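**Q** predicted model, plus sequence, below.
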Amino acid sequence: MGAIDPAVEIEHLSFSYSDGTRALDDVCLRVAQGEKVALVGPNGAGKSTLLLHFNGILRGQGKVAINGLEVNEKNLGRIRALVGLVFQSPEDQLFSPTVFDDVAFGPIYQGLSEAVVHQRVTEALRAVHMENCETRVSHHLSLGEKKRIAIATVLSMRPAILVLDEPTAGLDPRARRDLINLLRELPQTMLAATHDMGLVHELLPRTVVMDGGRIVADKPTLDVLADAALLEAHGLERPYA
């Protein structure tokens, strides 16, 4: 592994579910360190399935490497520390009695000292603008707050790559705006699967279009948004000005 290794390298990845549904079909993707990339396409395109390969939750045929480390049993622990995966529903990520317990879970699991765990929690909550919320009950938070805490639970692991599945889904306009501004501040390499083309336009300079388990376009976001035929063919819309 060297300094020039891409953040994500996927070569000829295919995956089928147990019922025979082919969700990914010969996907090749390379993401450089520090890039911000959107994955867009209709429902069933394979976006979420692809994201779940980044840290080995799903394992298909082909190569997946993170920071030069191939995703396999030997590297799985290191990979999962490198990749912060934020699910669409924060309910899938928040399960502890308090915000502190949720955000501390990963560092505790890593075996870090109590002092370091507290430091990681403080840093992560500060990064998502939820300072002084350690004692709040996660399930009593608003959806926007829950999404912030879900992001904090992965930031406390200090990931190199942040992977988000539909980050703005279900948010009201103010919470959506706050989340976009928050994500803009984060330094990690970022991949987001989303239907929110406004988010794509504002935050993610490169867009990968998926349909039918394949990558059908991969180019600068402004070029994708200017291609009316491409957008229409794959169920996408330009964001409103």
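**A** Received the coordinates, thanks.
**Q** which helix or strand lies directly C-terminal to the helix or strand bottoming out on mean pLDDT in the chain?
**A** When each helix and strand of the chain is scored by mean pLDDT, DSSP states H and E, helix 76-82 comes last, with a mean of 91. Of the helices and strands lying after helix 76-82 in sequence (DSSP states H and E), the nearest is strand 83-86.
**Q** distance from the chain centre to stretch 110-120, please.
**A** When distances are taken as C-alpha atoms, centre = their mean, to the nearest Å, stretch 110-120 is centred 24 Å away from the chain's centroid.
**Q** go on, stretch 8-23?
**A** On C-alpha atoms, centre = their mean, the centre of stretch 8-23 falls 18 Å from the chain's centre.
**Q** can you give me the buried ones in it?
**A** By neighbour count on 16 or more other C-beta atoms under 10 Å, the buried set for stretch 8-23 is Val8, Glu9, Ile10, Leu13, Phe15, Ala23. C-beta: built from backbone N, CA, C; applies to glycine.
**Q** center of the chain - which residue?
**A** Val163 (1.6 Å; C-alpha atoms, centre = their mean).
**Q** dump the buried residues of stretch 8-23 to JSON lines, plus distance to Leu204 and secondary structure.
**A** Output for the buried residues of stretch 8-23, formatted as JSON lines (distance: C-beta to C-beta, whole Å; DSSP: H, G, I helix; E, B strand; the rest coil):
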{"residue": "Val8", "distance to Leu204": "14", "secondary structure": "strand"}
{"residue": "Glu9", "distance to Leu204": "19", "secondary structure": "strand"}
{"residue": "Ile10", "distance to Leu204": "18", "secondary structure": "strand"}
{"residue": "Leu13", "distance to Leu204": "21", "secondary structure": "strand"}
{"residue": "Phe15", "distance to Leu204": "24", "secondary structure": "strand"}
{"residue": "Ala23", "distance to Leu204": "22", "secondary structure": "strand"}
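**Q** farthest pair within the residues you listed?
**A** Taking C-beta to C-beta as the measure, the buried residues of stretch 8-23 span a maximum distance of 19.7 Å, between Glu9 and Ala23.
**Q** quick check, Val64 in a strand?
**A** Yes: looking at Val64 with DSSP: H, G, I helix; E, B strand; the rest coil, it is inside a strand.
**Q** who's in contact with it?
**A** Val8, Glu9, Ile10, Leu13, His53, Phe54, Gly56, Glu70, Val71 (C-beta atoms under 8 Å, 6 or more residues apart in numbering).
**Q** so the residue nearest to the centre of the chain touches Thr189, yeah?
**A** No: with contact defined as C-beta atoms under 8 Å, Val163 does not reach Thr189; the gap is 9.1 Å.
**Q** how close does the residue nearest to Val71 when sequence neighbours are not counted get to His129?
**A** Excluding the flanking residues, the one nearest Val71 by C-beta to C-beta, 6 or more residues apart in numbering is Val64, at 4.3 Å. Using C-beta to C-beta, to the nearest Å, we find Val64 at a distance of 33 Å from His129.
**Q** do the same with Val83
**A** As judged by C-beta to C-beta, Val83 and His129 stand 23 Å apart.
**Q** and Ser89, how far is that from Asp223?
**A** Between Ser89 and Asp223 the computed distance is 32 Å (C-beta to C-beta).
**Q** Leu231 now?
**A** Remark: distance between Leu231 and Asp223 (C-beta to C-beta) = 11 Å.
**Q** give me the more crowded residue out of the two.
**A** Leu231 (18 against 12; other C-beta atoms under 10 Å).
**Q** just the buried positions in the helix or strand that contains that one, please.
**A** Assigned by DSSP H and E, Leu231 falls within helix 228-233. Across helix 228-233, burial judged by 16+ other C-beta under 10 Å covers Leu230, Leu231.
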